[in-house]
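Colleague: Following is a predicted model, sequence given first.
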Amino acid sequence: METVTASPEETEAVAARLAARLRPGDVVTVAGDLGAGKTTFVRGAARALGITQPVASPTFTIGHVYEAPTPVAHLDLYRLAGIDAAEWGDLEPYFDGTIAFVEWPEHGSNWLPAARAVVTLRHVDETHRRVSVAAHDDLGL
Ligand code: ADP
Ligand code: MG
């Protein structure tokens with residue numbers, strides 16, 4: 001599906017609709033330029049999955065796990081120049097039994113588990129973003 005949102009709240013609402021379809025073990029990649037709304041999207045999904053803590057991009061670490069009946073992992077691979085087996089060893093626990101959202105997935109090359117949904121955000125103008133959600137199975141979106 002593809003839609004244009006007119007506010008951060010609308011982007012969060014699209015994310016919440018996707019979140020309702022997710023199950024433990026799912027990985028969602030969230031791509032787009034700086035400021036495109038990746039973290040906003042993850043925040044909307046995390047809220048819908050029962051996370052009440054503030055959701056911001058992990059700054060000093062590569063990722064964060066929010067505890068919930070199904071924990072929600074949030075990774076930002078921006079600072080990762082490349083990934084090797086040792087680095088993957090550090091990342092792997094984030095995907096264990098969680099629903100995981102990955103910003104800058106292109107920095108994870110082909111080490112990341114297969115994504116259940118691929119989200120792409122693009123700037124349209126200051127307040128509008130084109131949000132596309134692609135998945136192999138019908139997510140009913
Ligand atoms: P990223 O993680 O991609 O760098 P953020 O989600 O941190 O982006 O920031 C997106 C910024 O764009 C926020 O300041 C947000 O308020 C603003 N914004 C404006 N319109 C939208 C929209 N339609 N969807 C998402 N964010 C929007
Ligand atoms: Mg971000």
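Modeller: Right, received. Where do you want to start? Bear in mind the structure is a predicted one, so any value in this text is a computation, not a measurement. Ligands and ions are numbered 1, 2, ... in the order given.

Colleague: Show residues contacting the lowest-mean-pLDDT helix or strand in the chain.
Modeller: Least confident helix or strand, the chain: helix 85-91 with a mean of 90, by mean pLDDT, DSSP states H and E. With contacts defined as Cβ atoms under 8 Å, 6 or more residues apart in numbering, helix 85-91 is touched by I62, G63, L75, L80, I83, G108, W111. Every residue, glycine included, has its C-beta placed from N, CA and C.

Colleague: So the residue lying closest to the first one once chain neighbours are set aside: helix, strand or coil?
Modeller: In other words, I62. Excluding its sequence neighbours, the residue lying closest to I62 (Cβ to Cβ, 6 or more residues apart in numbering) is L75, at 5.9 Å. On the three-state scheme (DSSP: H, G, I helix; E, B strand; the rest coil), L75 is labelled strand.

Colleague: What parts of this protein come near ligand 2?
Modeller: For the chain, the contact set with ligand 2 under Cβ under 5 Å from the ion comprises K38, T39, S57.

Colleague: need the contact list for the residue nearest to I62.
Modeller: Contacts for L75 were tallied using Cβ under 8 Å, 6+ apart; they are P58, I62, G63, L91, Y94, A100, F101, V102, E103.

Colleague: circling back to that earlier point, quick one: which of the residues of the chain next to ligand 2 sit in helices?
Modeller: K38, T39 (DSSP state H).

Colleague: what's the closest of the residues of the chain next to ligand 2 to H136?
Modeller: K38 (21.4 Å; Cβ to Cβ).

Colleague: From what I see, the closest one and V102 are in contact.
Modeller: No. Look at K38 against V102 with Cβ atoms under 8 Å: they stay out of range, at 9.4 Å.

Colleague: joint contacts of those two?
Modeller: V30.

Colleague: Find the nearest non-adjacent residue to the residue positioned nearest the centre of the chain, please.
Modeller: For the chain, the residue sitting closest to the mean C-alpha position, by Cα atoms, centre = their mean, is F101 at 3.0 Å. Residue nearest to F101 in three dimensions, not counting chain neighbours: V42, with 4.5 Å by Cβ to Cβ, 6+ apart.

Colleague: do the same with D33
Modeller: H123 is the one closest to D33 (Cβ to Cβ, 6+ apart), at 6.6 Å.
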